[in-house]
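[1] Have a look at this fold, sequence not included:
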Ligand code: ADP
Ligand code: MG
C-alpha cells in the first residue's frame, strides 16, 4: 500500500483514538508517532523511543489502533514498533541491593509529608499521566520510566507527587535511601560542602540512594557549578539504573540558563505535564479533604469555593481551611453568603463592570466625533465604523445583550450590534492597525 494512503488512514485513526486527550498530551505523545510501513501484515509504527510504545500499551490504545487498522485495510494485521531515538537501554529489571545500610537514610520517613500520598492525589485528565508514571516508578524504581520530568505551574501537585513516591518507596522497604532535595537546597548544600571541604560526603549521599527526587529544578538556572555537579551525580545514578524524577515550573526546552547537555538528559525519559485543574477535579479535591477531616460542608458551599478558586490547588486548600477554621472557631454556619464574606480576600476581584457611557465617550474621542454624530442614524462609513467599534466594545466589556447594545446606539434591531461584533472581531484579528486601536480604547475605558 502506498505511503500516502497509509498516512491518511493513520490520521483518521488518530482522530478516533485520541480525540479526548488534551492538545498538549497529543503534542507530547501522539504527534511524534508516525507510520513507517505495512509489510507482510505488519504495520510498523515509528516512535522516538520505548516510552512511546509503553505509553500506547499502558493506556490500552494499541488494541484499538490495531482493530481500526484491520477495519480500514480489510485484512488482519499486527503492529510492531521501530525506534528512531537512541537511549541507553534500561529495559531489563534491575536488581537493587536491598541490603540494610547502617547509615541513616538521606531522607528519613518523617521527612516526607505523610499526607502527600498517591491515595490522596486526586486525578483528572490534567494530571493522570504524571501520577501514573510516578506510581510506576515508585513501585519499580529505575525500570519502566527513567528519568521522569514533570512540569507544571506552582501549586498543582509537583511536590506532592515527589513525596508520594518517597512515601511509597519507604512503604515497600524502610531501608531504602531516597535522596529528595529541592534544587535550591542542592545549591546551598553544594556550596557549603565546598567550603567545608566535604564534597565526598555530599556526593556519597546521592550515590548511595536508590532514587533521586529533585524538586524545582529551575533553581539551578544560572548556577553553573551546581549544574556541573548535578550532571555528574545524574550520570552516575542513571548509569546505575537508579530512579530519577525531576520537577520544574517549565518545559525542559524553556529552561534557559541550564546547560544544554543537562537539559538533554531530562529529555531522555518521560516528560509529563500537569495542566490546570478542571472544576470537577477542584470539587473532588475539596470533597476528599472534607471527608478525610470528617467535616461536613454543604455541597453548594464546596461548589462555590471550587468555582471561585480556579488557578491553583494550594490556594483552593487555603480557602477551604480558612472557611472551616472560621466556621468552627467563630461558630458561623456555612452558607454561600457567609462563605462569600469569609473568602473576600481569597477571591480575585472581577474587573469593575464597565459603563456603556464611558465606552461611547472613549470611542467618540478616539475618532474625533461628537456623541451626537456617533449615535446618529447616518450610515456613512466615517460614522458606521466607529459605531461598530463601540458596539463591539460594549459586547466584550459589559454584560449587556445585543438588543440592549443596539438600543444604546439608537438602533432597534439586535442583529445590528451582533453583525458589528462579528465584523470588528474579524477586523482586529486580521489587521494589527485596528487591534491596536481597540487595545488603546480598552485601556482608556478601564482607567
Ligand atoms: P507544587 O509543588 O506543584 O507547587 P504542591 O505539590 O505543593 O504543588 O501542591 C500544593 C497543594 O495542593 C498541596 O497541599 C497538595 O497536597 C495539593 N494538591 C495538589 N494537587 C493535588 C491533587 N491532584 N489532589 C489532591 N491534592 C493536591
Ligand atoms: Mg513544590
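    Perfect, thanks for sending it. Since this is a predicted model, take the numbers as computed values, not measurements. Ligands and ions are numbered 1, 2, ... in the order given.
[2] Any residues of the chain in contact with ligand 2? List them.
    For the chain, the contact set with ligand 2 under C-beta under 5 Å from the ion comprises 158, 159. Placement of C-beta: from N, CA and C, glycine included.
[3] if you set the cut-off to 6 Å instead, what comes out?
    The chain has residues 158, 159, 215, 216 near ligand 2, with proximity defined as C-beta under 6 Å from the ion.
[4] and of those, the nearest to ligand 2?
    residue 159 (3.2 Å; C-beta to the ion).
[5] ok, the closest one - how many residues close by?
    19 (other C-beta atoms under 10 Å).
[6] and stretch 268-278, what's its mean pLDDT?
    Averaged across stretch 268-278, the pLDDT comes to 92.
[7] which residues are contacting that stretch?
    22, 24, 28, 51, 87-88, 124-127, 129-130, 133, 145-152, 156-158, 244, 251-252, 285, 310-311, 313, 316 (C-beta atoms under 8 Å, 6 or more residues apart in numbering).
[8] Can you tell me which of the residues you listed are buried?
    Among those, those classed as buried by neighbour count (16 or more other C-beta atoms under 10 Å) are 28, 51, 126-127, 129-130, 133, 145-152, 156-158, 244, 251-252, 285, 313, 316.
[9] Show only the entries of those residues found in strands.
    Judged by DSSP state E, those include 148, 149, 150, 151, 244 as members of strands.
[10] Tell me the residue of the stretch 251-400 of the chain that sits nearest ligand 2?
    Using C-beta to the ion, the single residue of the stretch 251-400 of the chain nearest to ligand 2 is residue 314, 8.8 Å away.
[11] Could you list the buried residues of stretch 368-386?
    369, 373, 374, 375, 383, 385, 386.
[12] how close does the residue of the stretch 101-250 of the chain found nearest ligand 1 sit to residue 141?
    The nearest approach of the stretch 101-250 of the chain to ligand 1 comes at residue 157, 2.8 Å away (C-beta to the nearest ligand atom). Distance check for residue 157 against residue 141: by C-beta to C-beta, to the nearest Å, it reads 20 Å.
[13] How about residue 54?
    From residue 54 to residue 141 the distance is 16 Å (C-beta to C-beta).
[14] Can you classify residue 399 as helix, strand or coil?
    Following DSSP: H, G, I helix; E, B strand; the rest coil, we place residue 399 in the coil state.
[15] repeat for residue 256
    Under three-state DSSP, residue 256 falls in the coil class.
[16] residues in contact with it?
    Here residue 256 is in contact with residue 221 (criterion: C-beta under 8 Å, 6+ apart).
[17] Run through who's touching stretch 127-136.
    With contacts defined as C-beta under 8 Å, 6+ apart, stretch 127-136 is touched by 25, 58, 118, 121, 123, 144-145, 148, 150, 152, 156-157, 161-162, 164-165, 168, 245, 270, 272-275, 277, 281.
[18] So which of these sit within helices?
    Using DSSP state H, the subset of the contacts of stretch 127-136 located in helices is 25, 58, 161, 162, 164, 165, 168, 281.
[19] Tell me the spacing between the fifth one and residue 182.
    Read it as residue 164. Counting by C-beta to C-beta - residue 164 and residue 182 are separated by 16 Å.
[20] which element is the closest residue to residue 150 other than its chain neighbours on?
    Once flanking residues are discounted, residue 150 sits nearest to residue 247: 4.8 Å by C-beta to C-beta, 6 or more residues apart in numbering. Using DSSP states H and E, residue 247 maps to strand 243-248.
[21] and the helix or strand that that strand is followed by, what does it pack onto?
    Using DSSP H and E, the helix or strand that follows strand 243-248 in sequence is helix 260-266. Helix 260-266 sits against helix 224-239, with contacts defined as 3 or more C-beta pairs under 8 Å, 6 or more residues apart in numbering; DSSP states H and E.
[22] just to revisit the earlier point, with pLDDT added, can I get the residues of the chain next to ligand 2 in JSON lines?
    Below are the residues of the chain next to ligand 2 laid out as JSON lines (pLDDT from 0 to 100):
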{"residue": "158", "pLDDT": "97"}
{"residue": "159", "pLDDT": "95"}
{"residue": "215", "pLDDT": "95"}
{"residue": "216", "pLDDT": "96"}
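[23] between the residues you listed, which is nearest residue 343?
    Nearest to residue 343, judged by C-beta to C-beta, of these is residue 159 at 24.5 Å.
[24] what residues are up against that closest one?
    With contact set as C-beta under 8 Å, 6+ apart, residue 159 has these partners: 116, 215, 247.
[25] The same query, at a cut-off of 7 Å, please.
    Contacts for residue 159 (C-beta atoms under 7 Å, 6 or more residues apart in numbering) come out as residue 215.
[26] same deal with the one 4 residues further on?
    Shown in contact with residue 163 (C-beta under 7 Å, 6+ apart): 112, 113, 116.
[27] so which two of the buried residues of stretch 368-386 are the farthest from each other?
    Pairwise distances among the buried residues of stretch 368-386 were taken by C-beta to C-beta; the largest, 14.3 Å, belongs to 375 and 385.
[28] residues from this structure in reach of ligand 1?
    Proximity of the chain to ligand 1 (C-beta under 6 Å from any ligand atom) is limited to residues 116, 120-122, 127, 152, 154-160, 285, 313-314, 317.
[29] re earlier: so how many other residues sit close to the residue of the stretch 251-400 of the chain closest to ligand 2?
    15.
[30] and the residue lying closest to it once chain neighbours are set aside, what are its phi and psi?
    Ranked by C-beta to C-beta, 6+ apart and with sequence neighbours excluded, the top spatial neighbour of residue 314 is residue 155, at 3.6 Å. Dihedral pair for residue 155: phi 80, psi 20, per degrees, to the nearest 10.
[31] ok, now which ones touch residue 155?
    Counting by C-beta under 7 Å, 6+ apart, residue 155 touches 312, 313, 314, 315.
[32] and the residues you listed, which of them are in helices?
    Residues of those located in helices (DSSP H): 313, 314, 315.
[33] Quick check: pLDDT value at the second one.
    In the prediction, the pLDDT value recorded for residue 314 is 93.
[34] From here on, call the first residue 3.
    Renumbered: residue one is now 3, and that last one reads residue 316.
[35] And it, how far from residue 24?
    As defined by C-beta to C-beta, residue 316 lies at a distance of 22 Å from residue 24.
[36] what sits against residue 20?
    For residue 20, the contact set (C-beta under 7 Å, 6+ apart) comprises 28, 32.
[37] and the gap between it and residue 31?
    As defined by C-beta to C-beta, residue 20 lies at a distance of 8 Å from residue 31.
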